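[1] got a predicted structure here, sequence first:
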Amino acid sequence: MGEKLAKKELSKVNTQLKRNNTSIYFLLLLVPLFWGGAFGAAKHVITEISPITAATLRFGTAGLILLIIVLIRSDWNLEVLKKRWLGLFFMAVTGIFSYNAFFFIALEYTSAINGSLIMATTPVFVTLGAVFFLKEAWNKRLGYGLFLSLIGVFLVIIKGSFQTLVSLSFNMGDLLFIVALFSWVIHGLIGKVVMKGISPLFTTTVTTLIGSIFLAIWSFIEGGWDDVSSMSSQSWIEMIYMIIFATVIAFFLWNKGIHQIGASKSSIYMNFVPINAMWIAVLFYGSTITWQQLVGMFLVIIGVYIATFSNKIRKKKSKSRLIKQSF
């Protein structure tokens, strides 16, 4: 009797876990939508205040909101902080401080569409990093995906002109976005290890607070807070959007996704960022799309699909074959 009850309870828990995992796949669709909008919003905001001040305002405010939520929910875990402080610290430095410093500065020199296309290669480099540093298996699909994605980004950076390549006159903003890309990739790889057994809300809060402290130090040294008071109503609406939707909600869902289904599967959703960034930039900010950006986006998305998503299908098929053979 006791065994039956235990099995019943275990079955209920497994069913609940499956439902949670299914819902996170739908919730993760909001992340590229919110982050796609952040490119255009940030591009406009930094015309009125300095990039580092904008980054500090966004993440400092978001960090305080998250801290209030964590304290209300009694999710603050000092024991976890003591055990994982170094990993959380490096997640904050790479994913909040470094990534966003380069992100906001880069937008002074390049378009929101270019930035989103470069960042869309994240899944390929996260998977590649996992091969080198976390001993995950290398396969041909990863190589093909990496090659196509790099060709796509390369086409966008040189604007389809080999003269740009020969003269090495690359756009500074595109190069800064590449640095931001690698900061985000390192953040994702660290998260794969550090986030095991940690609440996504707690992780998001701690990393946002630590990262925003470093951004604040830079912003005060730089000076530029005087311009905040003269920001237009449009910029304030965009800043509120970035704080609530693109930071508090999106980062929480992103970390929750990594926690539940892993970094590789979660990073597939980055495919949708350039698509969302593109239509938002065109619709709300009057941006124009070039053929290089369209072709580049196509190559990046196909490359990421080959390297990540199709590889998951192949693994599932081989697993189902093994199950059939065992019967």
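    Received the coordinates, thanks.

[2] where are the low-confidence patches of the stretch 51-200 of the chain?
    Applying pLDDT under 70 to the stretch 51-200 of the chain flags residues 157-170.

[3] what ranges do the helices span in it?
    Counting by DSSP state H, counting those that start in this stretch, the stretch 51-200 of the chain has these helices, from start to end: 51-72, 78-92, 99-106, 112-119, 122-133, 140-158, 162-167, 172-194, 200-222.

[4] quick one: end-to-end length of stretch 71-81, please.
    By Cα to Cα, to the nearest Å, the extent of stretch 71-81 from end to end equals 15 Å.

[5] could you do stretch 127-144 as well?
    Termini of stretch 127-144 sit 13 Å apart (Cα to Cα).

[6] now that stretch: how far from the chain's centre is it?
    19 Å (Cα atoms, centre = their mean, to the nearest Å).

[7] may I see the buried residues of it?
    Thr127, Leu128, Gly129, Ala130, Arg141, Leu142 (16 or more other Cβ atoms under 10 Å). Placement of C-beta: from N, CA and C, glycine included.

[8] mind listing what Gly37 touches?
    Residues near Gly37 by Cβ atoms under 8 Å, 6 or more residues apart in numbering: Tyr241, Phe245, Ala246, Asn276, Ala277, Ile280.

[9] mind checking the pLDDT average for the host helix or strand of it?
    Following DSSP states H and E, one finds Gly37 within helix 30-45. For helix 30-45, mean pLDDT is 94.

[10] report the buried residues of that helix.
    Applying 16+ other Cβ under 10 Å to helix 30-45 flags 31-45 as buried.

[11] between those residues, which is nearest Phe284?
    Nearest to Phe284, judged by Cβ to Cβ, of these is Gly40 at 6.1 Å.

[12] doesn't Ile280 make contact with that closest one?
    Yes. Between Gly40 and Ile280 there is a contact at 5.1 Å, judged by Cβ atoms under 8 Å.

[13] thinking again about what came up before, of the contacts of Gly37, which is the most crowded?
    Ala277 (30 neighbours; other Cβ atoms under 10 Å).

[14] around the residue nearest to that one when sequence neighbours are not counted, how many other residues sit close by?
    Distances taken as Cβ to Cβ, 6 or more residues apart in numbering put Ser116 closest to Ala277, at 3.5 Å, once the chain neighbours are dropped. Counted with other Cβ under 10 Å, the neighbours of Ser116 add up to 29.

[15] and if you look at the one 5 residues further on?
    Counted with other Cβ under 10 Å, residues neighbouring Thr121 total 27.

[16] cool, Ile261 as well?
    That count, for Ile261 with other Cβ under 10 Å as the rule, works out to 16.

[17] circling back to that earlier point, now secondary structure, pLDDT and distance to Val194 too, for the contacts of Gly37, in CSV please.
    Formatted as CSV, the contacts of Gly37 follow (DSSP: H, G, I helix; E, B strand; the rest coil; pLDDT from 0 to 100; distance: Cβ to Cβ, whole Å):
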residue, secondary structure, pLDDT, distance to Val194
Tyr241, helix, 97, 29
Phe245, helix, 96, 25
Ala246, helix, 95, 23
Asn276, helix, 86, 28
Ala277, helix, 87, 28
Ile280, helix, 91, 32
